[in-house]
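Asker: Coordinates only, no sequence provided:
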Ligand code: NAD
């Protein structure tokens, strides 16, 4: 599909976790394309190449989102490199599924630690700075699995529903501090996370009203919008970017028919 044109992010400094690849890398690209500056953080060293490809307005910092100490280092790094932090995209996540009776406690706790505790730590790491700085925008990446009950997502779905709820609480608490907090709920998007499930091309994804799998740039542009001043009165919102997947089943139903 054609390259999407994102919103204006001139001079905004944004941290994107899990930005080495996939949806995080796509969001990082749109931030830079929109005139912003980005610190990509990730466990994976390939984040350095992702940042290098974006040029002088991108940096990489190795980071495990489950570590409170490392969160402080990442925020300090962003401030040292670019002067402040205006935005945070809590994107890093893990997805491994199984039916309830096949999952283990260890697995459940691992998924919650990355997908939920990591987001909680991230918000706490930037709030004081954003308050001092006069505001900010936090975008937490939930999932379609945080809007509906999706089989095989007991632990993943729990983490994504929790991110959605926690974000609304943060939006309420932080509104008068001019810190906006919103969630993005991707449907099935082509990344390494979904390589086993997402098929390619038009018309072959019948569970979704639009009939196709999404592209990372289609999530990146939604994230960029929420980071931008174009969304200046948007907080506590949940933005499904899912081709209509969570809107309802694609089964045709004719009233009275
Ligand atoms: P991905 O696996 O391609 O990328 C996830 C990134 O997060 C990886 O680079 C990984 O190294 C990083 N990461 C994992 N654990 C980390 C940790 N502890 N600390 C720092 N980084 C860590 O996946 P993706 O598809 O790009 O997913 C990005 C986000 O979008 C995730 O939160 C995911 O749950 C969500 N999501 C994706 C889809 C989809 O269809 N791809 C759908 C709904 C939601």
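Answerer: Done, it's in. All values derive from a computational prediction rather than experimental measurement.
Asker: just the strands in the chain please.
Answerer: 13-17, 37-42, 58-62, 87-90, 136-141, 179-186, 238-241 (DSSP state E).
Asker: my read: residue 18 touches residue 50, true?
Answerer: No. Residue 18 lies out of contact with residue 50 (Cβ atoms under 8 Å); the separation is 10.8 Å. Every C-beta, even on glycine, is put in place using the N, C-alpha and C of the backbone.
Asker: So these two - more neighbours on which side?
Answerer: residue 18 (28 against 23; other Cβ atoms under 10 Å).
Asker: ok, residue 142 touching residue 187?
Answerer: No. Counting by Cβ under 8 Å, residue 142 stays clear of residue 187, with 11.5 Å between them.
Asker: could you give me the average pLDDT of stretch 214-229?
Answerer: Per-residue pLDDT over stretch 214-229 has a mean of 97.
Asker: for the residue nearest to the spatial centre of the chain, what are its contacts?
Answerer: The C-alpha lying nearest the average C-alpha coordinate of the chain belongs to residue 141 (Cα atoms, centre = their mean; 2.8 Å). Going by Cβ atoms under 8 Å, 6 or more residues apart in numbering, residue 141 touches 23, 89, 90, 91, 93, 163, 183, 184, 186, 219, 223.
Asker: cutoff 6 Å now
Answerer: 91, 184 (Cβ atoms under 6 Å, 6 or more residues apart in numbering).
Asker: Show me what it bridges to in the sheet.
Answerer: Going by DSSP bridges, residue 141 is paired in beta bridges with residue 184.
Asker: how much space between it and residue 176?
Answerer: Note on residue 141: its distance to residue 176, by Cβ to Cβ, to the nearest Å, is 25 Å.
Asker: And residue 218, by the same measure?
Answerer: 33 Å.
Asker: Pick out whichever of residue 142 and residue 187 has more residues nearby.
Answerer: residue 142 (29 against 26).
Asker: Report pLDDT for the more buried one.
Answerer: 98.
Asker: close enough to count as contact, it and residue 159?
Answerer: No. Residue 142 is beyond contact range of residue 159, at 8.7 Å (criterion: Cβ atoms under 6 Å).
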